[in-house]
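**Student:** how does the following fold in three dimensions:
(one chain, ligands or ions: 1)
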Amino acid sequence: MRIDVVTIFPEYLAPLDLSLVGKARTAGLLDLRVHDLRAWTTDRHRTVDDTPFGGGAGMVMRPDVWGTALDEVLAGGGHLLVPTPSGAPLTQRTAERLAGEEHLVVACGRYEGIDARVAEHYRTVPGVQVSEFSLGDYVLNGGEVAALVLVEAVARLLPGVVGNPASLVEESHGAAGLLEYPVYTKPPSWAGLDVPEVLLSGHHARIERWRRDEALVRTAARRPDLVRALDADGLDAHDRTV
Ligand SMILES: N#Cc1c(-c2ccc3ccn(Cc4cccnc4)c3c2)n[nH]c1N
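**Tutor:** Numbering: from 1, shown residues only. Got it, this is the predicted structure:
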């Protein structure tokens, strides 16, 4: 998979040289390219923004500079992803779909955002899909944090990136659609708190049942919307007694 990130703050993406994503790049599992939008400016001040039509505070990112950049980066087609407060929620299901694609391009806006004609234009370009997404209902100063989140959420799903693929199944928002159960390690007693006895029992069926119950309780308490979203097959008869 190839992921391009276009931003006026390329150094913001430096963490993607580290840890799991960094290893995936080194192993050739992920071709990640970070670009400085200002490389496509033509004036001496390397201008990327201007005042908004219709007035209002702040500045808007110019469509012409973005167009020159994205024409080049999207030359072979791809999925243009635009982080924005007004976007569709980025979910695990979205990350799973994106992990199956060949080329993602993340356009990181700043100021009051990118001129709306950029997304509108690329929706008409053959071979280009456009998705505007949001991390959540809070306001950031730009799209770079969302790019970091998206790249990590997608990269960890690529074959060969995570050591034990089984760990991708049980985690929160995984295949079961529930939040993850609580996890424990040594020592068995700490700060007057003991690890739940069942986890020390070695009885795998009971441990599995306990973990499922804990995931259901947590999800019902913290994310009742996820429980409601579970279809009839998502909850068995025992689940409904928890
Ligand atoms: N994803 C995501 C986001 C963003 C976000 C993403 C891109 C940009 C580009 C500029 N801003 C500042 C800005 C502030 C207010 C109005 N319009 C724009 C961005 C905020 N904020 N919150 C999220 N969940």
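**Student:** backbone dihedrals for residue 97, please?
**Tutor:** phi -60, psi -50 (degrees, to the nearest 10).
**Student:** so how many other residues sit close to it?
**Tutor:** Residue 97 has 14 neighbours, counted by other CB atoms under 10 Å. Heads up, the C-betas are built off the backbone N, CA and C, glycines and all.
**Student:** please apply the same query to residue 154.
**Tutor:** 24.
**Student:** in which helix or strand does it reside?
**Tutor:** Per DSSP states H and E, residue 154 falls inside helix 144-155.
**Student:** and that helix, what does it pack onto?
**Tutor:** strand 2-7, helix 19-26, strand 78-89, helix 92-98, strand 103-107, strand 128-134 (3 or more CB pairs under 8 Å, 6 or more residues apart in numbering; DSSP states H and E).
**Student:** taking helix 19-26 as reference, get the angle to the first one.
**Tutor:** It stands for strand 2-7. Angle, strand 2-7 to helix 19-26, by axes from the mean of the first three to the mean of the last three CA atoms, to 10 degrees: 120 degrees.
**Student:** what's the offset of strand 2-7 from the middle of its chain?
**Tutor:** Distance of strand 2-7 from its chain centroid, counting by CA atoms, centre = their mean, to the nearest Å, is 14 Å.
**Student:** for it, C-alpha coordinates in PDB please.
**Tutor:** Output of strand 2-7 as PDB, limited to C-alpha atoms (Å, rounded to 0.1, in the frame of the first residue of the first chain):
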ATOM      1  CA  ARG A   2       1.000   3.500  -0.700                       C
ATOM      2  CA  ILE A   3      -0.100   6.500   1.400                       C
ATOM      3  CA  ASP A   4       0.800  10.100   0.600                       C
ATOM      4  CA  VAL A   5       0.200  12.800   3.100                       C
ATOM      5  CA  VAL A   6       0.200  16.400   1.900                       C
ATOM      6  CA  THR A   7       0.700  19.100   4.600                       C
END
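**Student:** ok, it: who's next to it in the sheet?
**Tutor:** Pairing partners of strand 2-7, with direction, according to DSSP bridges: strand 31-36 (parallel), strand 103-107 (parallel).
**Student:** any idea how far the residue sitting nearest the centre point of the chain lies from residue 144?
**Tutor:** The centroid of the chain falls nearest to residue 150 when counting by CA atoms, centre = their mean (2.7 Å). Using CB to CB, to the nearest Å, residue 150 is found at 11 Å from residue 144.
**Student:** what's across from the residue lying closest to residue 31 once chain neighbours are set aside in the sheet?
**Tutor:** Spatial nearest neighbour of residue 31, excluding adjacent residues (CB to CB, 6 or more residues apart in numbering): residue 2 at 4.2 Å. Legend: beta-bridge partners of residue 2 under DSSP bridges are residue 31, residue 103.
**Student:** now do the contacts for residue 220.
**Tutor:** When contacts are counted by CB atoms under 8 Å, 6 or more residues apart in numbering, residue 220 is found next to 227, 242.
**Student:** got a pLDDT number for it?
**Tutor:** Each residue has a pLDDT score; the one for residue 220 is 96.
**Student:** could you break this structure into its assigned domains?
**Tutor:** 2-155, 170-241 (automatic domain parsing).
**Student:** most packed of those?
**Tutor:** Mean neighbours per residue, mean count of other CB atoms under 10 Å, is largest over the domains of the chain for domain 2-155, with a mean of 17.
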